[in-house]
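Participant: Build the 3D model from these lines:
(2 chains)
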Number of protein chains: 2
Amino acid sequence: MFEQIFLLKNSKLFLILKVNLKTQMNRICELFNIKYPIVQGGMVWCSGWRLASAVSNAGGLGLIGAGSMNPELLREHIQKTKSATDKPFGVNIPLLFSEAEAMMKVIIDENVKVVFTSAGNPAAWTKILQENGIKVAHVVANTKFAKKAEDAGVDALVAEGFEAGGHNGREETTTLTLIPHVRQIVDIPLIAAGGIATGRGMLAAMALGADGVQMGTRFVAAEESSAHQNFKNEIVKTIEGSTYFAMKKLFPVRLIKNEFCQRIIQAEIEGKNKETISELLGRGRAKQGMFDGDISEGELEIGQISALIQDIKPVREIIEEVIKEYHMALKNLTRENFQF
Amino acid sequence: MFEQIFLLKNSKLFLILKVNLKTQMNRICELFNIKYPIVQGGMVWCSGWRLASAVSNAGGLGLIGAGSMNPELLREHIQKTKSATDKPFGVNIPLLFSEAEAMMKVIIDENVKVVFTSAGNPAAWTKILQENGIKVAHVVANTKFAKKAEDAGVDALVAEGFEAGGHNGREETTTLTLIPHVRQIVDIPLIAAGGIATGRGMLAAMALGADGVQMGTRFVAAEESSAHQNFKNEIVKTIEGSTYFAMKKLFPVRLIKNEFCQRIIQAEIEGKNKETISELLGRGRAKQGMFDGDISEGELEIGQISALIQDIKPVREIIEEVIKEYHMALKNLTRENFQF
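Facilitator: The predicted structure follows:
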């Protein structure tokens, strides 16, 4: 913000600072043409057009979570998002998804401008999407895949730590460790995810070298998310230790420790194999929990930071609070005087 | 640092800021009378008088790790530390330690001014130590014990996240989640630990609401630590995913995944019980690994942030680098212009 500092001697309480007009434009804001470098994580069953458009309208980047949609439902959500906002928005799509190809056709066809990919090889779709004028970000949970994604030519990277809800890395690398590490090895714009729900969390992520943040859990507990009200209420009830990093033998995910999750934990303690865990999981539990509201037998995917969330409120209030707290915390940091 | 901002119209490139002379004195620096709010974690086999005095001489707070000493050896290390520095230093002592009472007598007798307690009930010793003019900090890994420690009257708190080496909480709460949570519920000075080895990490911790940081792993790889050279070399070799949060059925600890650790991992995957894990562990493995340098069969306790450490160097250089990076990262944060 300032380039040089001159101390004025004729007035002992005043300083004059030369303004550097070439302040650093935030790279995430620039890349996606948004006001705040806050991305709403694309999440199964929780992030449809209502949440995505609310986030985009409030100055962040809203993402439709395609992971729990079929191509036609995705098309409907894209069209509804376009009607609800004239701001940039995107789609998050897991590349291992069986209908990924049909999804991509819908995305290109509907002229979506931003795609976040995850769970798969970024080399498969990045160039094709970019040739269609689409900005591509890829989600990783470790440094190895961060490098691979950069090599595949993605425009930005989401690095997601162990504390995140959803599907996490087996290395269990936390956001505090992952972000500076990824920052060391890649040059492209970097979005931190996992454990961020507040302005202080956002500031911490930026301090570590991220250019922006992705928040999932905080937005699940937004009024506009399509999570079932029962699930939202459970998030508010969680305290520290309420979540568990489960199913490492299958596809690791962080869950609220409800009755279903306790059975998984018990099976894991007993060393049960992949097949037994898979049987216990069964099918359709994510929808059963997050969308249909069965809080004891459904799969409730959520981040560890859920313990900090005390209320369900509109997206606009969430984003305003985060930005306000960010600036307050930054101001407090500059006041600490051990530095002189 | 600044209280108010006035834009001067007669010179378009200048701003005038009113200086707030009442900047905030850092509470950790004030409490322990040190230059930088950097505490060196007290660690078994690694932190004797040489490391503790080097950290104190460089402006941080050095701690003698009593966990791997008997009372007489502790006395010797205290006396040597006193000879090597005239700056404040302390002793870290696990309260569950069988010789804790004899240790405390030595500490009081030798007129030590700072004690960090861990692994036990802080109510047991806090008042007695304070009556002897000793400042007491207590190490916790969750919010429940943070509150208990504050209630016991400790002067400061160390909150240590999942990424830490040494003995961690079963809740697996990461530093990014733990610090803002503990900050919400306690008012006393707060030291963040786990995953911090750099200036950026320190800045992130302060952004989350900590008043200072405790670093362990970074100081194990200092020239002055009493860790075996083989162990220090292993730390430099670690990459992301090289450590594992092991022995949850006993007393959880983060280890480098060497041959010994792989056997523990295998036993845990197979669901082996506490007794089997305990048998695999045996006795004396921490000394065997960390002090005697058996890098394949010893227990090598280390934090996840070890992956970021590229060199072994003197404490003074480590601390200078951390402080320099802290200020550079803070300056960069104030240049981000999405805030306007």
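Participant: how close does residue A:90 sit to chain B?
Facilitator: According to Cβ to the nearest Cβ, to the nearest Å, residue A:90 stands 18 Å off from chain B. Bear in mind the C-beta positions are built from the backbone N, C-alpha and C, glycine included.
Participant: If that residue is in a bridge, with which residues?
Facilitator: residue A:63, residue A:114 (DSSP bridges).
Participant: I'd say it and residue A:112 touch.
Facilitator: Yes. Proximity of residue A:90 to residue A:112 meets the contact threshold set by Cβ atoms under 8 Å, at 6.6 Å.
Participant: For these two, work out which one has more neighbours and name it.
Facilitator: Comparing residue A:90 with residue A:112 by other Cβ atoms under 10 Å in any protein chain shown, the one with more neighbours is residue A:90, at 27 against 24.
Participant: ok, which stretches of the stretch 201-340 of chain A are strands?
Facilitator: Using DSSP state E, counting those that start in this stretch, the strands of the stretch 201-340 of chain A run over A:212-215, A:243-246, A:253-256.
Participant: looking at those, which is closest to chain B?
Facilitator: Closest of the strands of the stretch 201-340 of chain A to chain B is strand A:243-246, at 6.6 Å (criterion: Cβ to the nearest Cβ).
Participant: pLDDT averaged over that closest one - what is it?
Facilitator: Strand A:243-246 shows a mean pLDDT of 96 in the predicted model.
Participant: Given that strand, what are its sheet partners and their directions?
Facilitator: In the sheet, strand A:243-246 lines up with strand A:253-256 (antiparallel) (DSSP bridges).
Participant: tell me the mean pLDDT over the strand it pairs with?
Facilitator: Here the average pLDDT along strand A:253-256 is 97.
Participant: same check, this time on stretch A:300-315
Facilitator: 98.
Participant: touching chain B at all, that stretch?
Facilitator: Yes. Stretch A:300-315 comes into contact with chain B (Cβ under 8 Å from any Cβ of the partner chain), by way of A:304, A:305, A:307, A:308.
Participant: Reformat the residues you listed as TSV; add neighbour count.
Facilitator: Shown next, in TSV, are these (neighbours: other Cβ atoms under 10 Å in any protein chain shown):
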residue	neighbour count
A:304	34
A:305	29
A:307	26
A:308	21
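Participant: of those, closest to residue A:64?
Facilitator: Of all these, residue A:64 sits closest to residue A:305, with 22.5 Å by Cβ to Cβ.
Participant: Now the closest one: closest residue in space that isn't a chain neighbour?
Facilitator: Of all residues not flanking residue A:305 in the chain, residue A:197 sits nearest, at 4.4 Å (Cβ to Cβ, 6 or more residues apart in numbering or on different chains).
Participant: Contact partners for whichever residue of the stretch 201-340 of chain A sits closest to chain B?
Facilitator: Using Cβ to the nearest Cβ, the single residue of the stretch 201-340 of chain A nearest to chain B is residue A:271, 1.9 Å away. Applying Cβ atoms under 8 Å, 6 or more residues apart in numbering or on different chains, we find residue A:271 in contact with B:268, B:269, B:270, B:271, B:272.
Participant: Report the buried residues of the helix or strand where residue A:82 lies.
Facilitator: Here residue A:82 is covered by helix A:71-84, with elements defined by DSSP states H and E. Residues of helix A:71-84 classed as buried by neighbour count (16 or more other Cβ atoms under 10 Å in any protein chain shown): A:71, A:74, A:75, A:77, A:78, A:80, A:81, A:84.
Participant: helices and strands around it, which ones?
Facilitator: With contacts taken as 3 or more Cβ pairs under 8 Å, 6 or more residues apart in numbering or on different chains; DSSP states H and E, helix A:71-84 sits against helix A:49-57, strand A:62-65, strand A:89-94, helix A:100-109.
Participant: pretty sure residue A:173 contacts residue B:242?
Facilitator: No. Checked against Cβ under 8 Å, the pair residue A:173 and residue B:242 is beyond contact range at 10.4 Å.
Participant: the more surrounded of the two?
Facilitator: The residue with more neighbours, out of residue A:173 and residue B:242 and counting by other Cβ under 10 Å, is residue A:173; that gives 29 against 20.
Participant: need the residues of the stretch 51-200 of chain A near chain B, please.
Facilitator: Residues of the stretch 51-200 of chain A lying near chain B (Cβ under 8 Å from any Cβ): A:142-144, A:161-163, A:170-178, A:180-181, A:184, A:194-196, A:198, A:200.
Participant: Now list the buried members of the residues you listed.
Facilitator: So, by 16+ other Cβ under 10 Å, the buried ones in these are A:142-143, A:161-163, A:171-178, A:180-181, A:194-196, A:198, A:200.
Participant: And stretch A:120-131, what's buried?
Facilitator: Quick answer for stretch A:120-131 (16+ other Cβ under 10 Å): A:120, A:122, A:125, A:126, A:129.
Participant: Closest to chain B out of the residues you listed?
Facilitator: Nearest to chain B among the buried residues of stretch A:120-131: residue A:122, at 18.5 Å, using Cβ to the nearest Cβ.
Participant: Now do the contacts for that closest one.
Facilitator: So residue A:122 contacts A:95, A:136, A:138, A:148, A:149, A:152, A:154 (Cβ under 8 Å, 6+ apart).
Participant: For it, grab phi and psi.
Facilitator: phi -70, psi -20 (degrees, to the nearest 10).
Participant: Quick one: neighbours of the closest residue to residue A:118 other than its chain neighbours, just the number.
Facilitator: Counting by Cβ to Cβ, 6+ apart, residue A:139 is the residue found nearest to residue A:118 once chain neighbours are left out, at 3.8 Å. By other Cβ under 10 Å, the residues close to residue A:139 number 28.
Participant: measure residue A:139 to chain B for me?
Facilitator: Counting by Cβ to the nearest Cβ, the gap from residue A:139 to chain B is 16 Å.
Participant: what do you get for residue A:189?
Facilitator: In terms of Cβ to the nearest Cβ, residue A:189 sits 13 Å off from chain B.
Participant: With residue A:55 instead?
Facilitator: 15 Å.
Participant: what residues are up against that residue?
Facilitator: A:38, A:40, A:61, A:62, A:63, A:89, A:219, A:315, A:319.
Participant: Over to residue A:74?
Facilitator: Residue A:74 touches A:64, A:66, A:91, A:103, A:106, A:107, counting by Cβ under 8 Å, 6+ apart.
Participant: how about a cut-off of 10 Å?
Facilitator: A:48, A:64-68, A:91, A:93, A:99, A:102-103, A:106-107, A:110, A:112 (Cβ atoms under 10 Å, 6 or more residues apart in numbering or on different chains).
Participant: Tell me the pLDDT of it.
Facilitator: 98.
Participant: What strand or helix carries residue A:148?
Facilitator: Element membership for residue A:148, per DSSP H and E: helix A:143-151.
Participant: Just give me how far that helix sits from the chain centre.
Facilitator: Centre-to-centre, helix A:143-151 and its host chain are 18 Å apart (Cα atoms, centre = their mean, to the nearest Å).
Participant: can you check stretch A:273-288 too?
Facilitator: That offset, for stretch A:273-288, works out to 25 Å (Cα atoms, centre = their mean).
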